[in-house]
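Trainee: give me coordinates for this.
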Amino acid sequence: MRITQGCFSFLPDLDDAQITAQVEYILGRDWAVSLEYTDDPHPRNTYWEMWGNPMFDLRDAKGVMMELDECRKAHPEAYIRVQAFDDTRGFETVMMSFIVNRPAEEPAFHMQRTDHVGRSQKYGWEAR
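Mentor: Numbering: from 1, shown residues only. Below is the predicted model of the structure:
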């Protein structure tokens, strides 16, 4: 099962040239870039590990790609995503997020439905 989170999640994986084009788009809008990684891609896990500091003053996509290469070397079997932040209002708002690295084998999740009081139902997730 393929984890689908963020922009482009239903498309085939982006290659480095396509990632570079997206980073250039991000930088062209004066958004800041950060890289994050995790081995737990559960949809409710919003706290991924940050790779280095956010790149607020960066103006060249090559810098992001160099950091991405280093992150891939350090965490080859992790999910890695690019985040774009708009900080023009004095606080950071995520404008764009997409996965740029996946492990060779992805975990699968199953939604578990159980009957509850009356006719109501409860839902939960379990990893497979």
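
Trainee: surely P54 and S34 touch.
Mentor: Yes - applying CB atoms under 8 Å as the test, P54 and S34 come out as touching, 4.1 Å apart. (C-beta placed from N, C-alpha, C; glycine too.)

Trainee: of the two, who's got more company?
Mentor: A count of neighbours by other CB atoms under 10 Å puts S34 above the other of P54 and S34, at 22 against 16.

Trainee: list the beta-bridge partners for the more buried one.
Mentor: Q83 (DSSP bridges).

Trainee: distance of it from M111?
Mentor: 30 Å (CB to CB, to the nearest Å).

Trainee: what residues are shared contacts of P54 and S34?
Mentor: Both P54 and S34 are in contact with F85, where contact means CB atoms under 8 Å, 6 or more residues apart in numbering.

Trainee: what about the chain, any weak spots by pLDDT?
Mentor: The model of the chain has pLDDT under 70 over residues 1, 107-110, 125, 127-128.

Trainee: residue boundaries of the strands in it?
Mentor: Secondary structure of the chain (DSSP state E): strands at 32-38, 49-55, 79-86, 93-101, 109-115, 121-127.

Trainee: which among those strands is found nearest to E70?
Mentor: With respect to E70, and counting by CB to CB, the nearest of these is strand 49-55 at 7.8 Å.

Trainee: quick one: contacts of the closest one?
Mentor: Contacts for strand 49-55 (CB under 8 Å, 6+ apart): 32-38, 63-64, 67, 70-71, 74, 80, 85, 92.

Trainee: and V23, what does it touch?
Mentor: For V23, the contact set (CB under 8 Å, 6+ apart) comprises 33, 61, 64-65, 82.
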